[in-house]
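Novice: Below: sequence and its predicted model.
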Amino acid sequence: MLGRTTFLVFATFLVLGCGSTSDNSSVVTVLTCSDGIANGDEGGIDCGGACTACETLSECESDAECDGRACVDGACDSSDACQSGEDCESQSCVEGLCVDATCTDGQQNGMEVGIDCGGACVNCAAEPECVLPEDCDSLICTEGACVDATCADAVRNGAEADIDCGGDCTPCTDGLTCARPADCESGLCEDGQCTVDLGSSYPDGPYGVSVGDTVMDLTFGTVDGGDASLSEIRTEEGAAILLIFSTAAWCGRCAGDMPELIQLVERHQARGLRMRVSLFESADHGEPTQRDAELYGRGNELPFPVLIDKSGQLHQYFPRIALPMVMMIDLESMTLIHADIGWRLADFESLVSARLGVVASTP
């Protein structure tokens, strides 16, 4: 029984520490930071571990016994011992020792105003406000900072309808994007695009009948009994120049020119060429009718309209009445570019190409 008691007392001493009385009974001692004994995880008597830091650690005879510390006057120096940066004035604990603050220790310490910057270290860089244009409402990021939108920054931003126009900026010109009529110089916003009402802004006179003169707003009859005016033709999307082939329904030689007219239109329609055939006489030399215009267009398989000029109003633009009479009009300025008698494809290919700014095709 004594042997078993001795074993229990010894085991308890190893874990907690104990004493014994004269009658061999065991006494358990509770560890504290003020029991005058270096025990538990203390590094010295009542210091270290969960207790306050020690000024010195255990007794020693050489530095080798001090786990990297110096052995001073028979004791391990612990003035710079630490378990975390909070134990150090420098806030930097490396391998259980407090080390001086540096500009590369990953801590804000010493005279630093940020982590490893400020004070004796490099200046602290301001946190960039932006990296990409998309980081800014204005879509402009300059040297890490967003810049306010202006009407001269070459970027569509703010309330602008297009680049630097519309919204709070000056109105947009014809062809640019718009959200409302006020975004456009013309005051017309159709399908999200600024347009010019060419029909209502037909050039004022004086009008003339010679090349270079402004052509008056002529009106013709159509195969469906309606009217078609030059002002309406000029509002067609993409229209740039108008070629009018004035003839009579009885002119067989003129009808023979139709395949070449079709070729010319097919080559240049996408670039802005518009074509009309105008009849001033019927097949029996009378006044042309809707039926005459319909038969002429169908019989010659024309992809463009045939108009009716009952009064022969186009005759005034030519030196004499002879067939065919061909005229060309600039649809923007409504000036007469060409008016002469006769048709030759090569000549009109060059003329049309020059007006549209393209290289003439070889017929």
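Specialist: Looks like it came in fine.
Novice: where do the helices sit along the protein?
Specialist: Here the chain has its helices, by DSSP state H, at 2-15, 230-233, 252-255, 258-268, 290-299, 345-356.
Novice: May I see the ones you listed arranged in CSV, with mean neighbour count and mean pLDDT as well?
Specialist: For every residue, glycine as well, the C-beta is placed using N, CA and C. As requested, the helices of the chain are exported to CSV (neighbours: other Cβ atoms under 10 Å; pLDDT from 0 to 100):
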stretch, mean neighbour count, mean pLDDT
helix 2-15, 11, 36
helix 230-233, 18, 92
helix 252-255, 14, 96
helix 258-268, 17, 96
helix 290-299, 17, 97
helix 345-356, 17, 93
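Novice: With distance to residue 37 added, can I get those in CSV?
Specialist: CSV is the format used below for those (distance: least, Cβ to Cβ, whole Å):
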stretch, distance to residue 37
helix 2-15, 12
helix 230-233, 112
helix 252-255, 128
helix 258-268, 109
helix 290-299, 121
helix 345-356, 107
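Novice: Ok, which of these comes nearest residue 144?
Specialist: Ranking the helices of the chain by proximity to residue 144 (Cβ to Cβ) places helix 345-356 first, at 48.9 Å.
Novice: Mind giving me the packing neighbours of the closest one?
Specialist: When contacts are defined as 3 or more Cβ pairs under 8 Å, 6 or more residues apart in numbering; DSSP states H and E, helix 345-356 packs onto strand 241-248, helix 258-268, strand 325-330, strand 335-341.
Novice: Quick one: mean pLDDT for the third one?
Specialist: Over the span of strand 325-330, the pLDDT mean works out to 97.
Novice: Equivalent analysis for stretch 62-80, please.
Specialist: For stretch 62-80, mean pLDDT rounds to 71.
Novice: Quick one: end-to-end length of it, please.
Specialist: End-to-end distance of stretch 62-80 (Cα to Cα, to the nearest Å): 18 Å.
Novice: do the same with stretch 174-182
Specialist: Distance across stretch 174-182, first residue to last, is 13 Å (Cα to Cα).
Novice: how far away is residue 92 from residue 100?
Specialist: Going from residue 92 to residue 100 by Cβ to Cβ, to the nearest Å gives 8 Å.
Novice: quick one, which of those two is more surrounded?
Specialist: The residue with more neighbours, out of residue 92 and residue 100, is residue 92; 19 against 12, by other Cβ atoms under 10 Å.
Novice: got any ranges where the stretch 1-150 of the chain has weak pLDDT?
Specialist: Along the stretch 1-150 of the chain, segments meeting pLDDT under 70 span 1-30, 42-45, 47-49, 52-58, 65-69, 77-79, 125-127.
Novice: thinking again about what came up before, which among the helices of the chain is found nearest to residue 143?
Specialist: For those, the distance to residue 143 is smallest for helix 345-356, at 46.6 Å, taking Cβ to Cβ.
Novice: domain assignment for the chain?
Specialist: Each domain of the chain is listed here as a residue range: 127-158, 219-356, per automatic domain parsing.
Novice: Please tabulate these in TSV, including the columns distance to residue 212.
Specialist: Converted to TSV, these look like this (distance: least, Cβ to Cβ, whole Å):
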stretch	distance to residue 212
domain 127-158	39
domain 219-356	6
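Novice: Go through those and name the closest to residue 174.
Specialist: Residue 174 sits nearest to domain 219-356 of all the domains of the chain, at 10.8 Å, using Cβ to Cβ.
Novice: Between the two ends of that closest one, what distance do you get?
Specialist: End-to-end distance for domain 219-356, by Cα to Cα: 25 Å.
Novice: Quick one: residues contacting residue 175.
Specialist: Each residue near residue 175 by Cβ atoms under 8 Å, 6 or more residues apart in numbering is listed here: 193, 194, 195.
Novice: Among the residues you listed, the buried ones, what's the PyMOL command?
Specialist: Command for PyMOL, covering only those of the contacts of residue 175 found buried under the criterion 16 or more other Cβ atoms under 10 Å:
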select buried, resi 194+195
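Novice: Among the contacts of residue 175, name the least confidently predicted one.
Specialist: Lowest pLDDT within the contacts of residue 175 is found at residue 195 (81).
Novice: distance of that residue from residue 188?
Specialist: Residue 195 is 5 Å from residue 188, by Cβ to Cβ.
Novice: Kindly report the same for residue 37.
Specialist: In this view, residue 37 and residue 188 are 98 Å apart by Cβ to Cβ.
Novice: likewise residue 87?
Specialist: From residue 87 across to residue 188, the span is 77 Å (Cβ to Cβ).
Novice: and if you look at residue 113?
Specialist: Distance from residue 113 to residue 188, by Cβ to Cβ: 60 Å.
Novice: Among these two, which residue is more densely surrounded?
Specialist: Taking neighbours as other Cβ under 10 Å, residue 113 and residue 188 compare with residue 188 leading, 15 against 11.
Novice: now the helices and strands packed on helix 345-356 in CSV, with distance to residue 220?
Specialist: Shown next, in CSV, are the helices and strands packed on helix 345-356 (distance: least, Cβ to Cβ, whole Å):
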stretch, distance to residue 220
strand 241-248, 9
helix 258-268, 17
strand 325-330, 13
strand 335-341, 17
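Novice: Would you tell me which of those gets closest to residue 73?
Specialist: The closest of the helices and strands packed on helix 345-356 to residue 73 is helix 258-268. By Cβ to Cβ, the value is 107.2 Å.
Novice: Give me the helices and strands touching the closest one, please.
Specialist: Using 3+ Cβ pairs under 8 Å, 6+ apart as the contact test, the elements touching helix 258-268 are strand 241-248, strand 273-281, helix 345-356.
Novice: Name the residues of the second one that are buried.
Specialist: It refers to strand 273-281. Quick answer for strand 273-281 (16+ other Cβ under 10 Å): 273, 274, 275, 276, 277, 278, 279, 280, 281.
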